[in-house]
Every structure is written in C-alpha cells, then in structure tokens.
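Asks: here is a sequence together with a model predicted from it:
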Amino acid sequence: MSDRLINIDNLCTNPDNHAMHLCELTTAGKTAVIEKMTKNPTFICGNCGKKANTEGALCAPGPFHD
C-alpha cells in the first residue's frame with residue numbers, strides 16, 4: 001500500500017499559509033527555499049505528492065516514510 005494520501009481535490013488545509021507551500025514556491029521559482037524545505041522530508045502532500053521537512057509546507061500533509 002502507498003504512503004500517499006488520498007487526493008482530496010486539491011483542498012488546502014491551511015490557506016492562510018498557502019503562499020509558503022511548496023506548490024506556490026515552485027510556481028514562483030524559489031528553488032533555494034524549496035531545497036531547504038525538502039532536504040529531510042517527513043511529510044507528503046496528498047494533492048501533489050511533493051515531500052517536505054514540515055507539514056506546514058504542504059496543502060494536504062500526511063506522514064512520509066522513506
């Protein structure tokens with residue numbers, strides 16, 4: 001079974017912080033910031049599958065195990 005969350009129709013669970021989520025940072029081309037936020041991922045986004053160090057960097061975070 002996959003560690004990915006079920007896609008929840010791109011629902012953002014923290015819209016107030018959405019500008020700092022990986023999807024928005026990727027669109028803005030903030031590669032240096034993204035590299036720091038994804039160095040040791042422990043969370044995965046149920047919408048896009050991006051992995052991050054903290055759940056606050058994702059729209060629909062769930063646990064990620066390497």
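Replies: Happy to help now that I have it.
Asks: so which residues of the protein form strands?
Replies: 43-45, 51-52, 61-63 (DSSP state E).
Asks: shaky segments in the chain?
Replies: Low-confidence segments of the chain (pLDDT under 70): 1-9.
Asks: in it, what residue spans correspond to helices?
Replies: 22-27, 31-37 (DSSP state H).
Asks: which of the ones you listed sits closest to residue 49?
Replies: Minimum separation from residue 49 across these (CB to CB) falls at helix 22-27, 10.3 Å. C-beta here means a position set from N, CA and C on the backbone, and glycine is covered the same way.
Asks: distance between the closest one and the chain's centre?
Replies: Taking CA atoms, centre = their mean, to the nearest Å, one finds the center of helix 22-27 at 9 Å from the center of the full chain.
Asks: quick one: buried residues of that helix?
Replies: 22-23, 25 (16 or more other CB atoms under 10 Å).
Asks: can I get these in a markdown table with distance to residue 13?
Replies: Below are the buried residues of helix 22-27 laid out as a markdown table (distance: CB to CB, whole Å):
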| residue | distance to residue 13 |
| --- | --- |
| 22 | 14 |
| 23 | 13 |
| 25 | 17 |
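Asks: ok, the closest residue to residue 10 other than its chain neighbours to residue 55 distance?
Replies: Residue nearest to residue 10 in three dimensions, not counting chain neighbours: residue 47, with 4.9 Å by CB to CB, 6 or more residues apart in numbering. Residue 47 is 13 Å from residue 55, where distance means CB to CB, to the nearest Å.
Asks: who has more neighbours, those two?
Replies: residue 47 (21 against 17; other CB atoms under 10 Å).
Asks: list phi and psi for the more buried one.
Replies: The phi/psi pair for residue 47 (degrees, to the nearest 10) reads phi -90, psi -50.
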